[in-house]
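> I need the structure of the sequence given here:
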Amino acid sequence: MFKFGYVGVVGRTNAGKSTLVNSLVGEKVSIVSPKKQTTRQNIMGILTKDNYQLVFVDTPGIHRSKNKLDRFMMKNVRSAIAGVDVVLYIIDGLRYNEEENAYIKTLTDSVPTIVGISKVDAGSYEKIYPIISSLSENRDIKAIIPFSSYKNKNLDEVINEILKILPEQESKNFEFDEDMYTDKSVRFMVGEIIREKALLLLNEELPHGIAINVVKFEEKENLVNIDVEIICEREGHKSIIIGKGGKKIKDIASKARVEIENLIGKKVMLECFVRVRKNWRNIESEIKEVGYVDE
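Here you go, the predicted structure:
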């Protein structure tokens, strides 16, 4: 017997959703950083075994919308919830807020829901127990699983609880080829890798206003030429991204190029340019141009 299903991975910003999806799939599907709103759109991570295929939909962190880009991200969350077989709601074990219970209740009323408590490697049982106790008041939650992506703790239990919910099927009706681990293109992954390095290397106030536009992706036999624009909203931000003598943008490009070469398996010539597009997060055409398009 076989099982197949979509699993929406939902939670507040920086709860550990992307790190979990990467760990479960065994590949880098989503970029990861300590900055809020690192994930901006739904990204599928596909885990295929002999008798099951699980499609994890990594979603943007739940937050209050301040601009059109924020509203685009929250629309992604809602569409993911509406289209999955199971929701895996991730709670940050280090910063749990009981207000999340009300949101989880709206989920359990409409779709089978599992709650995962992340970062238990950094916390203690004394911190985790009150969270479990509070969540247990909602008897519609299918399972509550403390886990650690970094320590690989209880990840098998997460998979097992998901599989308990999915119906059995007699044939292997998987929707994706067994060697696929994401639905995103190489071009998309390249842009995300560059954005990740920028998030990690730039000041706290900059990341929300940054986007990556891959303007050239030219693949030859043993070489890939890539040109990208790093989009920011202010002239002052442009100088910060470039850095003194161009050092900062060179560091971003250098770190990204190494990872892109590992992804593609070829030598990469990467050129990064900085462009200012004022208030782009509130201009629909600009948002679409950098790849955030409703599907």
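
> the closest residue to residue 83 other than its chain neighbours: how many residues sit nearby?
Counting by CB to CB, 6 or more residues apart in numbering, residue 6 is the residue found nearest to residue 83 once chain neighbours are left out, at 6.6 Å. C-beta here means a position set from N, CA and C on the backbone, and glycine is covered the same way. Counted by other CB atoms under 10 Å, the residues lying close to residue 6 total 17.

> so for the helix or strand residue 6 falls within, what's the average pLDDT?
In the assignment (DSSP states H and E), residue 6 maps to strand 3-11. Averaging pLDDT along strand 3-11 yields 95.

> that one: what's the following helix or strand?
Immediately after strand 3-11, counting by DSSP H and E, sits helix 17-25.

> how many other residues sit next to residue 111?
Neighbours of residue 111 under the rule other CB under 10 Å: 16.

> surely it and residue 81 touch.
Yes - at 6.6 Å, residue 111 and residue 81 qualify as touching, with contact defined as CB atoms under 8 Å.

> which residues do these two both contact?
With contacts taken as CB atoms under 8 Å, 6 or more residues apart in numbering, residue 111 and residue 81 have 8, 87 as neighbours in common.

> now the closest residue to residue 33 other than its chain neighbours: which helix or strand?
Of all residues not flanking residue 33 in the chain, residue 199 sits nearest, at 4.0 Å (CB to CB, 6+ apart). Here residue 199 sits within helix 186-201, counting by DSSP H and E.

> now do the strands in this structure.
Taking DSSP state E as the test, the strands found in the chain are 3-11, 43-48, 52-58, 86-92, 113-118, 143-146, 211-219, 223-232, 267-276.

> just the residues contacting the fourth one, thanks.
It stands for strand 86-92. 5-12, 14-17, 20, 56, 81, 100, 104, 107, 111-119, 131, 135, 158, 162, 165-166.

> on that earlier part again, would you list the strands of the chain in a markdown table and tack on distance to residue 37?
Output for those, formatted as a markdown table (distance: least, CB to CB, whole Å):
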| stretch | distance to residue 37 |
| --- | --- |
| strand 3-11 | 13 |
| strand 43-48 | 14 |
| strand 52-58 | 13 |
| strand 86-92 | 15 |
| strand 113-118 | 17 |
| strand 143-146 | 25 |
| strand 211-219 | 12 |
| strand 223-232 | 15 |
| strand 267-276 | 20 |
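
> list the contacts of the residue nearest to residue 33.
Contact analysis of residue 199 by CB under 8 Å, 6+ apart lists 31, 33, 35, 38, 207, 210.

> 10 Å instead?
Counting by CB atoms under 10 Å, 6 or more residues apart in numbering, residue 199 touches 31-38, 206-208, 210, 252.
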